[in-house]
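Enquirer: Whatever this is, show me its structure:
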Amino acid sequence: MTTPRGFRDRSDESLLTLVGEIPELVRNLVVAEVDAAKAWLSKAAKNAGIGAGWVVGALFILFWSVPALGAFVIAGLSSWWPVWLSALVVFGAMLLLAILLALLGFLRFKRIGKGNPAAAIAEDVRTVKEAGE
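Expert: Prediction:
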């Protein structure tokens with residue numbers, strides 16, 4: 001006998017029959033969960049891909065806005081100085097900014113070697129071996 005939603009009425013079945021169906025029910029549950037995880041992963045990957053596309057678009061616009069800003073600054077400075085001097089000053093300022101950012105990046109990369117967990121573990125192992133001898 002089935003219910004209006006299509007499920008079987010299990011009230012008349014024996015305990016052994018119900019216990020015997022547990023592996024199939026567990027298998028169906030695991031399959032349903034895996035399918036749900038696959039669907040979620042597919043949707044998340046699609047959303048991540050579209051989001052990455054929008055970020056790439058924003059970076060493309062930003063890439064071309066930097067020279068426009070430089071031209072704007074050169075045009076603004078050329079009202080007081082000659083154009084060649086304005087361009088030279090903007091180039092020098094950008095060069096100094098690039099050097100500063102590269103220096104900050106280099107200093108950050110130097111921090112990677114400090115506090116290395118592998119080195120700390122090796123030190124602990126060496127200390128234990130020395131204490132055992």
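Enquirer: give me the low-pLDDT residue ranges for the protein?
Expert: Low-confidence segments of the chain, defined by pLDDT under 70, span residues 1-6, 113, 115-116, 118, 120.
Enquirer: What secondary structure category should be reported for the residue nearest the centre of it?
Expert: With distances taken as C-alpha atoms, centre = their mean, the chain has Ala48 as the residue nearest its mean C-alpha position (9.7 Å). Local secondary structure at Ala48 is given as helix here, using DSSP: H, G, I helix; E, B strand; the rest coil.
Enquirer: Quick check: Ala39 vs Ala71, distance?
Expert: Using C-beta to C-beta, to the nearest Å, we find Ala39 at a distance of 49 Å from Ala71. Every C-beta, even on glycine, is put in place using the N, C-alpha and C of the backbone.
Enquirer: what do you get for Trp64?
Expert: Taken as C-beta to C-beta, the spacing of Trp64 relative to Ala71 amounts to 11 Å.
Enquirer: more crowded one of the two?
Expert: Between Trp64 and Ala71, counted using other C-beta atoms under 10 Å, the more crowded position is Ala71 (12 against 8).
Enquirer: Touching stretch 81-97 from outside, list them.
Expert: The contact list for stretch 81-97, computed with C-beta atoms under 8 Å, 6 or more residues apart in numbering, reads 70, 73-78.
Enquirer: Looking at those residues, which is nearest Glu123?
Expert: Distance to Glu123 across the contacts of stretch 81-97 (C-beta to C-beta) is lowest for Gly70, with 50.4 Å.
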